[in-house]
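**Student:** Here's a sequence, model it:
(one chain, ligands or ions: 1)
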Amino acid sequence: MTTPKVLVIDDEEIARISCQRVLKREGIEVRLAAGGREGLEMVVKNPPDLALVDLKMPEMDGVEVVRRIQAHDPNIVSIIITGYATIESAVAVMKQGAYDYLPKPFTPDELLIVVKRGLEKRRLDRESRALREEKEAMERNFVTMVTHQLRSPLSAIMQYFEVMLGNIGGELTDNQREMLERAQQRLQGLLDLINDWLDMSRMQPGDIVSRLRPIAVAECVEAALAALEHAGRDRGITVSSELTPNLPPIHADLQSLKEVLANLVANAVNYNRDGGQVRVRARDLGQQVAIDVEDTGYGIDAKEIPFIFDQFYRGKDKDARRRPGTGLGLAIAQKIVRAHGGTISVSSELGRGSTFTVEIPAASGDVKAGRDAQALP
Ligand code: ADP
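**Tutor:** A predicted model of the protein is given here:
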């Protein structure tokens with residue numbers, strides 16, 4: 001275990017030295033700063049595990065110092081030392097991210113108890129972060145390994161089916177053809193599942209966040225619909241879009257939001273009745289833009305709505321069950337929408353249809369300026 005490092009930021013020399021003496025005896029490495037600025041420089045150069053910060057300092061007060069320490073590295077545990085332990089000052093420092101406070105005057109034991117508790121928190125945070133990262137890395141590696149190992153042989157089998165169904169390996173009887181077609185459909189379902197699973201495990205919300213930029217809603221909707229141009233045509237289902245003019249741009253990642261909308265439209269077609277309709281609309285809500293995907297399909301039982309965004313959940317309705325699906329589409333959509341800081345919801349009536357609504361934050365800044373920028377690329 002590495003030696004814990006504590007930084008004491010206090011304008012009173014006696015206070016600094018006495019803290020140092022008490023903590024050093026416990027094997028803690030202590031560094032001292034006589035003011036906020038000097039302390040913050042030390043935090044940047046050599047981050048401590050814990051910072052003890054005096055509340056009242058002439059140059060920069062302790063609340064501001066803690067705020068800046070936390071902004072720089074929220075994992076550093078900050079403790080405020082205060083001679084004025086009022087409820088208000090305690091609340092103010094806790095709001096800036098301080099972990100604890102120590103009222104003056106304090107005994108060496110009181111100092112040690114608070115510092116040790118803070119260092120223990122730091123150790124536990126670090127351990128749980130490391131465990132979480134390890135678990136995530138293992139999950140990613142496992143899923144990637146399994147999916148690659150499964151996907152390649154299945155894709156090869158798929159090609160054999162195509163060859164056989166194309167009569168290249170010889171004429172098939174009607175019976176053989178029917179069986180092969182059914183096997184091909186089941187295999188396709190398995191490949192879809194593996195691809196969705198791979199998408200789900202690969203998706204890192206942080207990557208989406210780093211790609212967010214102002215985009216025009218129309219561009220995103222058109223891209224999603226273009227990808228599904230022929231969807232539902234064989235079942236007489238029509239897909240159309242109506243976008244209110246002058247919608248503000250949204251703060252989004254075009255590629256992943258397009259995937260969400262394409263997924264919702266594909267569901268709206270999949271779970272529709274023959275000859276049904278799918279409409280995509282967008283509305284300006286001020287701070288957000290709402291995009292609705294409305295269908296005239298089977299609808300969803302109110303009891304099932306809380307579960308449909310769960311991974312692998314498939315509806316119980318017998319018509320919906322007959323339709324192909326993996327139960328991952330809405331889970332992926334929700335993960336993407338949340339990474340945008342948005343929401344996804346549904347209202348539905350069994351037997352009449354459903355409307356899925358995605359709300360995405362409008363591009364920040366002057367919304368009016370955003371409107372003028374409607375003709376974004
Ligand atoms: P999948 O469609 O692959 O099964 P999803 O996560 O996209 O997985 O959807 C989960 C379930 O929610 C579906 O199995 C279906 O029961 C229900 N569902 C989704 N979209 C609709 C819709 N537009 N109309 C009716 N049911 C839907």
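**Student:** For the helix or strand hosting Leu154, enumerate the helices and strands it packs against.
**Tutor:** For Leu154, the element it lies in under DSSP states H and E is helix 108-165. Applying 3 or more C-beta pairs under 8 Å, 6 or more residues apart in numbering; DSSP states H and E, we find helix 108-165 packed against helix 13-24, strand 50-54, strand 77-82, strand 100-103, helix 174-202. C-beta: built from backbone N, CA, C; applies to glycine.
**Student:** can you rerun that using 10 Å?
**Tutor:** Helix 108-165 is packed against strand 5-9, helix 13-24, strand 50-54, strand 77-82, strand 100-103, helix 174-202, with contacts defined by 3 or more C-beta pairs under 10 Å, 6 or more residues apart in numbering; DSSP states H and E.
**Student:** Out of these, which gets nearest to the ligand?
**Tutor:** helix 174-202 (7.3 Å; C-beta to the nearest ligand atom).
**Student:** does that closest one come close to the ligand?
**Tutor:** No: counting by C-beta under 6 Å from any ligand atom, the ligand has no neighbours in helix 174-202; the shortest distance is 7.3 Å.
**Student:** Then stretch 354-368?
**Tutor:** Yes: under the criterion of C-beta under 6 Å from any ligand atom, the ligand is reached by stretch 354-368 at Ser354.
**Student:** Give the buried residues for that stretch.
**Tutor:** Neighbour-count burial for stretch 354-368 flags Ser354, Thr355, Phe356, Thr357, Val358, Glu359, Ile360, Pro361, Ala362, Ala363 (criterion: 16 or more other C-beta atoms under 10 Å).
**Student:** So which of these is the closest to Asp192?
**Tutor:** Of all the buried residues of stretch 354-368, Asp192 sits closest to Phe356, with 19.8 Å by C-beta to C-beta.
**Student:** which other helices and strands contact the helix or strand harbouring that closest one?
**Tutor:** In this structure, Phe356 sits in strand 353-361 according to DSSP H and E. On a contact count with 3+ C-beta pairs under 10 Å, 6+ apart, strand 353-361 meets strand 250-252, helix 254-270, strand 277-284, strand 288-295, helix 329-339, strand 343-349.
**Student:** Quick check, the residue in the protein closest to the ligand?
**Tutor:** Residue nearest to the ligand within the chain: Gly315 (2.1 Å; C-beta to the nearest ligand atom).
**Student:** Now tabulate the helices and strands packed on helix 108-165 in a markdown table and tack on mean pLDDT.
**Tutor:** Below are the helices and strands packed on helix 108-165 laid out as a markdown table (pLDDT from 0 to 100):
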| stretch | mean pLDDT |
| --- | --- |
| strand 5-9 | 97 |
| helix 13-24 | 96 |
| strand 50-54 | 96 |
| strand 77-82 | 93 |
| strand 100-103 | 89 |
| helix 174-202 | 89 |
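**Student:** Check the ones you listed for me and report the most buried one.
**Tutor:** strand 50-54 (a mean of 28; mean count of other C-beta atoms under 10 Å).
**Student:** Next SSE downstream of that strand?
**Tutor:** By DSSP H and E, the next helix or strand past strand 50-54 is helix 62-72.
**Student:** Flag every residue of the protein that's near the ligand.
**Tutor:** Counting by C-beta under 6 Å from any ligand atom, the chain sits next to the ligand at 267-268, 271, 295, 297-298, 300, 308, 313-315, 320, 325-331, 354.
**Student:** thinking again about what came up before, as CSV, the helices and strands packed on helix 108-165 with distance to Ser155 would be great.
**Tutor:** Supplementary listing: those in CSV, determined by distance: least, C-beta to C-beta, whole Å:
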stretch, distance to Ser155
strand 5-9, 53
helix 13-24, 62
strand 50-54, 54
strand 77-82, 51
strand 100-103, 57
helix 174-202, 7
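**Student:** lowest-pLDDT helix or strand in this structure?
**Tutor:** None of the helices or strands of the chain scores lower by mean pLDDT, DSSP states H and E than helix 367-372, at a mean of 36.
**Student:** Among the helices and strands packed on helix 108-165, which comes closest to Leu165?
**Tutor:** helix 174-202 (5.7 Å).
**Student:** packing partners for that closest one?
**Tutor:** Contacts defined by 3+ C-beta pairs under 10 Å, 6+ apart place helix 174-202 against helix 108-165, helix 329-339.
**Student:** In terms of mean pLDDT, which of these ranks lowest?
**Tutor:** The minimum mean pLDDT among these belongs to helix 108-165 (a mean of 91).
**Student:** angle of that one against strand 5-9?
**Tutor:** Calculated by axes from the mean of the first three to the mean of the last three C-alpha atoms, to 10 degrees, helix 108-165 forms an angle of 120 degrees with strand 5-9.
**Student:** relative to strand 77-82, how tilted is helix 108-165?
**Tutor:** Using the same axes, to 10 degrees: helix 108-165 against strand 77-82 is 150 degrees.
**Student:** Number of residues surrounding the nearest residue to Leu198 once chain neighbours are set aside?
**Tutor:** Among residues not flanking Leu198 along the chain, Thr147 sits closest, at 4.6 Å (C-beta to C-beta, 6 or more residues apart in numbering). By other C-beta atoms under 10 Å, 19 other residues sit near Thr147.
**Student:** pretty sure Thr147 contacts Trp197?
**Tutor:** Yes: the pair Thr147 / Trp197 is scored as a contact, 6.0 Å apart, by C-beta atoms under 10 Å.
**Student:** What about the nearest residue to Asp274 once chain neighbours are set aside, how many residues nearby?
**Tutor:** Closest residue to Asp274 apart from its sequence neighbours, by C-beta to C-beta, 6+ apart: Arg235 at 4.6 Å. Per other C-beta under 10 Å, the neighbour tally for Arg235 reads 13.
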